[in-house]
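Next one to model:
(one chain, ligands or ions: 1)
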Amino acid sequence: MPAATPVPEEAAVLEEAPVEDLVIVGSGPAGWTAAIYAARANLKPLVFEGAGSRTMIPGGQLMFTTDVENYPGFPDGVGGIEMMMDFKRQALRFDTRVVTEDIVEVDFSGRPFRLRSSRGDELRARTVIVATGANARWLGVPGEERLAQSGGGVSACAVCDGALPFFRGQVIAVVGGGDSAMEEALYMTKFASEVLLIHRRDELRASRIMQERALASEKIRFLWNTVVEEVLGDEVIAGLRLRETLTGEEREVAVGGMFVAIGHDPNTAFLRGQLDLKENGYVRLPTAWRTETNVPGVFAAGDVMDDYYRQAVSAAGTGCMAALEAERFLAHGEG
Ligand code: NAP
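Numbers count the residues shown, from 1 in each chain. Modelled structure (predicted):
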């Protein structure tokens, strides 16, 4: 009798991996909202909430936000961490399963889709919702991370944190030269006594209209060719040590807050070559008002596909949309 052809070990593992109806990758407002909708639709979603790293933890960017005052339904505001724990609790109330790991590799070339976790587990899925969010870029200077994590007046989101009483009547620094920096600086003119716009060059990257608005504001003072070398202060921010790039001259300025607006990086490295991504790395969605990607059965929700609004409430909204689309996809027997 001829010997049976040996099955490669890896293939055997993949054949045995269970086929999930829906795998959700990410655990910010988009991921948990998708889970709540999918679980209530009896899809028993499997959420990979992330393993956690120095710059990102399960729950996403809101885990670094002290007070959320613009999420409807919380008239007195809510802590970012508390809010994300409640999102998760609500998903767990229904049939949601959670794995505290990342998805590090995907193969969307055939069905069911194949995914590999950071621990090396292989799984298969009929539908996938990508909700891995984005990370705000930081300057990486001394004092910044400590005061950002302690809520000491350093933030990467003026729209989220800028209206807090903490910043009112203060001199506020905004770092960056793009549209975000202009927008954050203009936003902060409502609360600050003065806004220092600190940019590393003498030319802005922002669109003409945003530049004009910022330049026309009497409350915004531009510090050109200037970089932040250190954020000063123990419990709360007291000032910045600045360096002028042309002369190398250093000086200190007193500020009561710093908003870093130097861009975001979407968490899409594990999707390269598998999904259509935009030039800036965000997931491209081919159809307006739909979360389906260029691969039928794979959906994207929240900041990972949104380089424009980047709000918790809009992320939650698209998480809902992705779950409804996944449910319909499965109901039509397409998975
Ligand atoms: P961006 O356009 O990439 O601008 C980032 C800015 O930060 C640049 O000026 C850059 O300086 C500076 N920068 C980067 N790394 C730095 C570092 N390590 N130290 C100091 N400065 C640094 O990012 P964005 O402003 O977040 O905008 C992203 C996208 O969203 C853009 O397409 C923008 O148009 C859009 N957006 C639109 C609006 C609106 O229309 N209302 C609002 C927000 C964002 P250099 O210029 O020297 O490179």
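
ok, now how distant is the residue lying closest to L164 once chain neighbours are set aside from the ligand?
Nearest residue to L164 in three dimensions, chain neighbours excluded: D67, at 6.0 Å (CB to CB, 6 or more residues apart in numbering). All C-beta spots, glycine's among them, are computed from the backbone N, C-alpha and C. Distance from D67 to the ligand, counting by CB to the nearest ligand atom, to the nearest Å: 22 Å.

Please verify my assumption that D67 contacts G77.
Yes. Here D67 reaches G77: they are 4.9 Å apart, a contact under CB atoms under 8 Å.

Who has more neighbours out of the two?
More crowded of D67 and G77, by other CB atoms under 10 Å: D67, with 20 against 14.

Contacts only, for the more buried one.
Contacts were defined as CB atoms under 8 Å, 6 or more residues apart in numbering; by that measure D67 touches G77, V78, G79, G80, D161, L164.

residues touching the second one, list them.
In this structure, V78 makes contact with D67, V68, Y71, judged by CB under 8 Å, 6+ apart.

where does the last one fall, helix, sheet strand or coil?
Three-state assignment for Y71 (DSSP: H, G, I helix; E, B strand; the rest coil): coil.

Run a quick neighbour tally on it.
17.

these two touch, right, D276 and T293?
Yes. At 6.6 Å, D276 counts as touching T293 under the criterion of CB under 8 Å.

between these two, what contacts are shared?
Common contact partners of D276 and T293 (CB under 8 Å, 6+ apart): V283, R284, P286.

Tell me the most packed of these, by neighbour count.
Highest neighbour count within those: V283, with 25 neighbours (other CB under 10 Å).

That one contacts L271, doesn't it?
Yes. Using CB under 8 Å, V283 makes contact with L271 at a distance of 7.0 Å.

Have a look at D276 and T293 and say which one is more surrounded.
Per other CB under 10 Å, whichever of D276 and T293 has more neighbours is T293, with 26 against 12.

so what pLDDT did the more buried one get?
As predicted, T293 sits at a pLDDT of 98.

and it, backbone torsions?
Main-chain dihedrals, T293, degrees, to the nearest 10: phi -90, psi -170.

for it, what are its contacts?
By CB under 8 Å, 6+ apart, the neighbours of T293 are V130, L275, D276, V283, R284, L285, P286, F299, A300.
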